[in-house]
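Student: With the input below, show me the fold.
(chains A, B, C and D)
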There are 2 protein chains.
Amino acid sequence: MAGRTGKGTAGRRTARASLTRDAVVQAAILFADERGLDVLSMRKLAEAVGVEAMSLYNHVTSKDDLLDGMVDAAVAEIELPTIGSDWMAAMRARAISAHEMLLRHAWASMLIVSRINVGPAMLRYADATIGCLREAGFSYAMADHAMNALDSHIYGFTLLKANFPLEPSEYAEAARQFLPMLPAETYTHARGLAEKVISGRHSGINEFTFGLDLLLDGLDRLRARPLARSRTPRRRKARSRSAQSAR
Amino acid sequence: MAGRTGKGTAGRRTARASLTRDAVVQAAILFADERGLDVLSMRKLAEAVGVEAMSLYNHVTSKDDLLDGMVDAAVAEIELPTIGSDWMAAMRARAISAHEMLLRHAWASMLIVSRINVGPAMLRYADATIGCLREAGFSYAMADHAMNALDSHIYGFTLLKANFPLEPSEYAEAARQFLPMLPAETYTHARGLAEKVISGRHSGINEFTFGLDLLLDGLDRLRARPLARSRTPRRRKARSRSAQSAR
DNA sequence: GAGATAGGCTTACAGCGTAAGTGTGTCAAG
DNA sequence: CTTGACACACTTACGCTGTAAGCCTATCTC
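Tutor: Alright, predicted model coming up:
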């Protein structure tokens, strides 16, 4: 699954061979950015770089290998959290940086959540994140939970947003056109929301930072008092243990 | 894009025609549950229901139409939040029910986040959710933000979990085998986490409810003081000292 | 009976990932 | 300068995909 290491024999550089694994991966990223992941095929990518399809296989072992390379290159663009400083600011910056990368590369979210990623950039990214949280006083288990919750938000939010086919400026008009499909008796509340968007009193824009800050604030409280988790009475009794030590 | 309406001419029922759109969709769901979405092709599905591939197109307009039908049937399995009762319990139950459905139908998360879904079940689902939050005192805008944050967690978490190729019982052993790939100097913290899992002091299991409860608790606080609201530039940070803005 | 129709069927096509084998420009060693 | 090896591009071919187009017939309505 790993693929080639890139430049094996160090210094050698032939005059003819301009194509490299890295060039193929970069071309694939550019192609997917511009035309979409579903359009990316080995034949079309080959055409884009000026060779025949099968020639690409001299540089990647399979299309999956190529996709792995694309993912790791994309993850390498994420700003790593700086260990030691204010953890909340660092994790917030990390999440926003990841979100921005995922918007730049609309294909990336889908690839990341649908395959195993153990490239060097991904490992570095996870390592820096855990390190930042550990430094902030979280246990390994809590750091693991926190990273997982934050990543769920990052990928989930971005996927939902990327899927949504409209620009914010088009929301109101789209809602107006969609309204007739929402009979008032059946879909009272969805209709109410749509009308709010039409009226201009709600933009319909969902901010990435809304859910992110809910999570960060909650994590901060857990960090402050890892034992007594919440003030809400009902359900969280048995669970509060797993909050801190997770057996 | 919509697809057929199902039974057009009401009462008619031929003796011969046993296949219906619904039967095709249900067969596809069963197929995808058992063998995976990537294996599902029109030819294989046709074989499974005992017809030729092209015969399926008498009941669905395209494979995309079939996938739309699968998604809406899956969403229909989610327990709707009951309007009027304790909103937090209702939203918690909704999220867990959705999560369970997504685990039953491992293909569903990916389909839901990667296409536009406006089937009746999805509309009902969204409507009931907004209604529940409105009833709890959230504004339309806040209800929208809340639903989006919760859904991001639901789909993001489930996708990350579904992608992960191991059973919890295998975590420790897998971590042991993976350890040599993590040089201690380069990946100090990730290695520390892996060792924690190996030692048995951290299961490695990430609970869906961990992030979910962080979000619900945060929403509850926002609901209590709706003035410190969503678009706040940076943080609702009176008490946590590490207030900071990370742009 | 006559005609319409729903819903099977076969055929065909362009595109996919990639296994397998061929040809050639460039290198290091003799 | 020759030679052998290798890197790397090439062609061909296979089985798979979704689906357009058209055919055939059992069953319905009149």
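Student: how close does the residue nearest the centre of chain A get to DNA strand D?
Tutor: The central residue of chain A, meaning the one whose C-alpha is nearest the mean C-alpha position (Cα atoms, centre = their mean), is A:Y155 at 4.0 Å. From A:Y155 over to DNA strand D the distance is 26 Å, taken as Cβ to the nearest atom of the strand, to the nearest Å. For glycine as for every other residue, the C-beta is placed from the backbone atoms N, C-alpha and C.
Student: State the mean pLDDT of the host helix or strand of A:S109.
Tutor: A:S109 is part of helix A:108-113 when elements are defined by DSSP states H and E. The predicted model assigns helix A:108-113 a mean pLDDT of 98.
Student: Distance from the chain centre to that helix, please.
Tutor: With Cα atoms, centre = their mean, to the nearest Å as the basis, helix A:108-113 stands 7 Å off its chain's centre.
Student: Helix, strand or coil: sort out A:E185 for me.
Tutor: When classified by DSSP: H, G, I helix; E, B strand; the rest coil, A:E185 comes out as coil.
Student: so how far is DNA strand C from it?
Tutor: Counting by Cβ to the nearest atom of the strand - A:E185 and DNA strand C are separated by 31 Å.
Student: What count of nearby residues applies to that residue?
Tutor: Other residues within reach of A:E185 by the criterion other Cβ atoms under 10 Å in any protein chain shown amount to 6.
Student: any idea how far it is from A:W107?
Tutor: From A:E185 across to A:W107, the span is 41 Å (Cβ to Cβ, to the nearest Å).
Student: now do A:L219
Tutor: When Cβ to Cβ is the yardstick, A:L219 and A:W107 sit 30 Å from each other.
Student: between the two, which one's more packed in?
Tutor: Neighbour tally, A:L219 and A:W107, criterion other Cβ under 10 Å: the higher count belongs to A:L219, 25 against 22.
Student: so what pLDDT did that one get?
Tutor: For A:L219, the model assigns a pLDDT of 97.
Student: In three-state terms, how would it be classified?
Tutor: Secondary structure of A:L219, reduced to three states by three-state DSSP: helix.
Student: pretty sure it is touching B:G211, no?
Tutor: No. Under the criterion of Cβ atoms under 8 Å, A:L219 makes no contact with B:G211, lying 9.6 Å away.
Student: shared neighbours of those two, which are they?
Tutor: A:A149 (Cβ atoms under 8 Å, 6 or more residues apart in numbering or on different chains).
Student: Tell me which residues touch A:D127, please.
Tutor: Under the criterion of Cβ under 8 Å, 6+ apart, the contact partners of A:D127 comprise B:T186, B:Y187, B:T188, B:H189, B:A190, B:R191.
Student: Just put these in JSON lines and tack on distance to A:Q26.
Tutor: Below are the contacts of A:D127 laid out as JSON lines (distance: Cβ to Cβ, whole Å):
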{"residue": "B:T186", "distance to A:Q26": "24"}
{"residue": "B:Y187", "distance to A:Q26": "26"}
{"residue": "B:T188", "distance to A:Q26": "30"}
{"residue": "B:H189", "distance to A:Q26": "30"}
{"residue": "B:A190", "distance to A:Q26": "27"}
{"residue": "B:R191", "distance to A:Q26": "30"}
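Student: Pull the most distant pair out of those.
Tutor: Largest separation among these by Cβ to Cβ: B:T186 and B:H189, giving 10.4 Å.
Student: Between these two, which is the more surrounded one?
Tutor: Neighbour tally, B:T186 and B:H189, criterion other Cβ under 10 Å: the higher count belongs to B:H189, 21 against 12.
Student: And that one, how far from chain A?
Tutor: Relative to chain A, B:H189 is positioned 4 Å away (Cβ to the nearest Cβ, to the nearest Å).
Student: just checking, that residue touches A:Y125?
Tutor: No. The pair B:H189 and A:Y125 fails to qualify as a contact (Cβ under 8 Å) at a distance of 11.3 Å.
Student: quick one: low-confidence ranges for chain A?
Tutor: Across chain A, residues meeting the criterion (pLDDT under 70) sit at A:1-17, A:226-247.
Student: Please see if the longest helix that it contains touches chain B.
Tutor: When every helix of chain A is counted residue by residue (DSSP state H), the longest turns out to be helix A:140-163. Yes. For helix A:140-163 and chain B, the contact criterion (Cβ under 8 Å from any Cβ of the partner chain) is met by A:140-141, A:143-145, A:148-149, A:151-157, A:159-160, A:163.
Student: now the angle between helix B:140-163 and that helix, please.
Tutor: Here the directions of helix A:140-163 and helix B:140-163 differ by 110 degrees (axes from the mean of the first three to the mean of the last three Cα atoms, to 10 degrees).
Student: and A:F208, what are its phi and psi?
Tutor: Reported as degrees, to the nearest 10, the phi and psi values for A:F208 are phi -60, psi -40.
Student: Who are the contact partners of the residue of chain A found nearest chain B?
Tutor: Residue nearest to chain B within chain A (Cβ to the nearest Cβ): A:G156, separated by 2.4 Å. Listed by Cβ under 8 Å, 6+ apart, the contact set of A:G156 reads B:V113, B:D151, B:S152, B:H153, B:I154, B:Y155, B:G156, B:F157, B:L159.
Student: Apart from its chain neighbours, what residue comes closest to it?
Tutor: Counting by Cβ to Cβ, 6 or more residues apart in numbering or on different chains, B:G156 is the residue found nearest to A:G156 once chain neighbours are left out, at 2.4 Å.
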